[in-house]
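# What follows is a predicted protein model with its sequence.
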Amino acid sequence: MVPLATFAFMSSSTAKVRIGPAGVHYFSRESGLNVLFDEVLPPEGSWHAAPRQVSIALTNACDLECAYCYAPKIPSTLNYQILCGWLSEFDQHGALGVGFGGGEPSLHPRFADLCEFAARQTSLAVTFTSHGHHLVPKLLSKLVDKVNFIRLSMDGIGATYEQLRGRSFSAFKARLRDVRAVAPFGLNFVVNADTIDDLDAAIDFAHSEGAHEFLLLPEQSTPRRCGVGQAERDRLKEWVRSYRGQVRLAVSESDAAELGACDPCGAESGLRAFAHISAASRLQRSSFESTGVQIREEGVMAALQELELIK
């Protein structure tokens, strides 16, 4: 039996319905509540065509120089008007959320305007990932009621953070405390040989600061680095297996199977689940890929159809 509260949620004007191979998915961006009716198997012709979630690198610009960063270093910034068109397309075709990233998304000249457009002109949940040091009160005041979740990158704590990111950890904490007054937030944590010893202290810090999520990101290989080693992967798997903390754990999609993540929408995989747009206007299966399909005047859904044909 479905609780009466669920029926009230589904009948609210803020609930969005997505139909796909996993079933009928009701989502509220205001509360973050998800209800999936997986007993219902809609015919394929009724499935929404857009990915469930989309990430967009607004710009490659970043004023940090983290050695393990996989983002392209070629200068590139997406056009505001074109971005608005893509967001509208994704919304109309059933996407539930968009995550802005980079580079550093707050360095996009119209970052706050994009968040406002997505919040006011679409039904997409709006999130973004930032190193946090530009999230000063003046910018944050423009984001109130325009973002649903904020992700802050924190690789290690204290001296580890300062060595890797070249910024003050105290300054990061100050920005974090301003952020949590605007929207729920989570912490992103790149796991490698330098940071893995900080995991316990980092999760304690996340809990004490009120983080809603702790996202584990095993370091990806880049032309400059080989990524997280097998010894650290094994340690991380054991850490996740024995985790009993109060902050919700999440993991990057590319590592979900290895770390045993549970995906209730597992039937909705690949491009139906996720897609990424680079700052060079390329639609990709993930942010780690160097290939993809250039988005042209026909729009982002046309590019998605083209990418689906590439094996």
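That came through, no problem.
# going forward, measure contacts and count neighbours with C-alpha atoms only.
Fine.
# Spell out the secondary structure type for the residue most central in space within the chain.
The structure's the chain has its C-alpha centroid closest to G99; by CA atoms, centre = their mean the separation is 4.8 Å. Assigned by DSSP: H, G, I helix; E, B strand; the rest coil, the conformation of G99 is strand.
# was I right about it contacting V54?
Yes - counting by CA atoms under 8 Å, G99 touches V54, with 6.2 Å between them.
# ok, and the closest non-adjacent residue to H48?
G94 (5.2 Å; CA to CA, 6 or more residues apart in numbering).
# Who are the contact partners of that neighbour?
Residues touching G94, when contacts are defined by CA atoms under 8 Å, 6 or more residues apart in numbering, comprise V17, R18, I19, H48, A49, A50, P51, R52.
# which element is it on?
With elements taken from DSSP states H and E, nothing contains G94; it lies in neither a helix nor a strand.
# which phi and psi does it have?
Summarising the backbone geometry of G94 under the convention degrees, to the nearest 10, its torsions are phi 100, psi 0.
# Tell me the spacing between it and W47.
9 Å (CA to CA, to the nearest Å).
# for G266, same thing?
Applying CA to CA, one obtains 15 Å for the distance of G266 from W47.
# do the same with F214
If you go by CA to CA, the gap between F214 and W47 works out to 31 Å.
# With neighbour numbers in mind, choose between those two.
Neighbour totals were compared for F214 and W47, and F214 leads with 23 against 18 (other CA atoms under 10 Å).
# Helix, strand, or coil at L114?
Secondary structure state of L114, per three-state DSSP, is helix.
# Can you give me the neighbour number for it?
For L114, the count of nearby residues is 21 (other CA under 10 Å).
# can you give me the strands in the stretch 101-250 of the chain?
Counting by DSSP state E, counting those that start in this stretch, residue ranges of the strands within the stretch 101-250 of the chain are 125-130, 149-153, 185-191, 213-218, 248-251.
# Could I get the contacting residues of the residue lying closest to F189 once chain neighbours are set aside?
Counting by CA to CA, 6+ apart, the nearest residue to F189 once its immediate chain neighbours are dropped is D155, at 4.8 Å. Neighbouring residues of D155 by CA under 8 Å, 6+ apart: Y161, L164, R165, N188, F189, V190, V191, T195.
# Okay, now the unreliable bits of the protein?
Low-confidence segments of the chain, defined by pLDDT under 70, are located at 1-14, 261-262.
# Now do the domain split for it, please.
1-47, 49-308 (automatic domain parsing).
# ranking the ones you listed by burial, who's on top?
Comparing the domains of the chain on average neighbours per residue, with mean count of other CA atoms under 10 Å, the densest one is domain 49-308 at a mean of 18.
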